[in-house]
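Undergrad: fold the following.
(one chain, ligands or ions: 1)
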Amino acid sequence: MSKVSNIMRLALLQLKGSKDKTVNVQNAVSKIEAAVREHQPRLITLPECFNAPYGTKYFREYSETIPDGYTSQQLSNLAKKHQVYIVGGTIPELGENDAIYNTCTVWSPSGDLIAKHRKMHLFDIDVKGGIRFKESETLSAGNDFTTIDVDGHKIGIGICYDIRFEEMARLYRNEGCEMIIYPAAFNMTTGPLHWELLQRSRANDNQLFVVTTSPARDPSAEYVAYGHSMIVDPWAKVQKSASDGEETVVADIDFSLVEQVRQQIPVFSQRRLDLYATARNGQ
Ligand SMILES: O=C(O)CCC(=O)C(=O)O
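TA: You can find the predicted model right below:
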């Protein structure tokens, strides 16, 4: 598709979560309605696991099939009603053979499901004195890369822990992406250390926009999300970020920055692939 415009308005909805799925989804619905009314965005993003508490013991209970489940239907209706793209954060998905995935759905302005990304790298870590989490206790990993086209701009989709794997972001850049969107829920151990660093690293390495959307921080929750949903531009500069509470971040993306950076610092054409691809680069 040819580029309709180089400017695209985004609204990132950093939402409060709870143990009540209907309340969570209806909160997303009302925040989407408000963002449309007040800001007319072209694309709206939601947080990771926005309709459920984030925890391995909850994923199965809250899981839904896609696209006929309750949450999917709400997002589809809203996208169509307001003629917007919705990158629907993630929800626990009930997939084939009873497997559960952490899945991002993307809805077009006609209400169609145009992409479904299942988290590829499961969040299994054990930081002594910090946080232990093992998504693989209940989730299966997705095996597919996901890109969408919005008004001629190619956008890659990843989910939270996926951001740590620079190979994935590189692959999206090589496929022509100008932005990567990661619904995400970092925590109070890795968030302060790595949240901004990883986003600026992926943006800098690949000279594209990086967009994250986190749940709001709730200190009384079992899993305390870091917040600070963010847009980083292709110069690796933080264009806009949220604090830690419930908040809507609105920004106009100028995609011409992508070409500007790539021309002025042309690292991709300067890479010495002839040298890297040697036995010394083996794992
Ligand atoms: O990578 C991290 O530190 C956090 C990842 C995470 O919270 C997730 O994948 O849900």
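Undergrad: which parts of this structure sit against the ligand?
TA: 48, 123, 160, 161, 164, 185, 186, 187, 190, 194 (C-beta under 6 Å from any ligand atom). Just so you know, the C-beta spots here come from the backbone N, C-alpha and C atoms, and that holds for glycine as well.
Undergrad: filter those down to the buried ones.
TA: 48, 123, 160, 161, 164, 185, 186, 187, 190 (16 or more other C-beta atoms under 10 Å).
Undergrad: what residues sit buried inside stretch 91-99?
TA: 91, 92, 93, 94, 95.
Undergrad: secondary structure added to the residues you listed, as CSV?
TA: As requested, the buried residues of stretch 91-99 are arranged in CSV below (DSSP: H, G, I helix; E, B strand; the rest coil):
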residue, secondary structure
91, strand
92, strand
93, strand
94, strand
95, coil
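Undergrad: and of the residues you listed, the nearest to the ligand?
TA: residue 92 (12.1 Å; C-beta to the nearest ligand atom).
Undergrad: shouldn't that closest one be in contact with residue 101?
TA: Yes: Residue 92 is within contact range of residue 101, at 7.5 Å (criterion: C-beta atoms under 8 Å).
Undergrad: now for those two: what residues contact both?
TA: Residues touching both residue 92 and residue 101 (C-beta atoms under 8 Å, 6 or more residues apart in numbering): residue 139.
Undergrad: circling back: keep only those of the buried ones among the residues of the chain next to the ligand that are in strands.
TA: Counting by DSSP state E, these place none of their members in strands.
Undergrad: contacting residues around the closest residue to residue 227 other than its chain neighbours?
TA: Once flanking residues are discounted, residue 227 sits nearest to residue 244: 3.4 Å by C-beta to C-beta, 6 or more residues apart in numbering. Contact analysis of residue 244 by C-beta under 8 Å, 6+ apart lists 216, 217, 226, 227, 228.
Undergrad: what stretches of this protein score poorly on pLDDT?
TA: 1, 279-283 (pLDDT under 70).
Undergrad: just give me the longest helix of it.
TA: helix 21-39 (DSSP state H).
Undergrad: isn't residue 49 right next to residue 93, touching?
TA: No: if you go by C-beta under 8 Å, residue 49 and residue 93 don't touch, sitting 11.1 Å apart.
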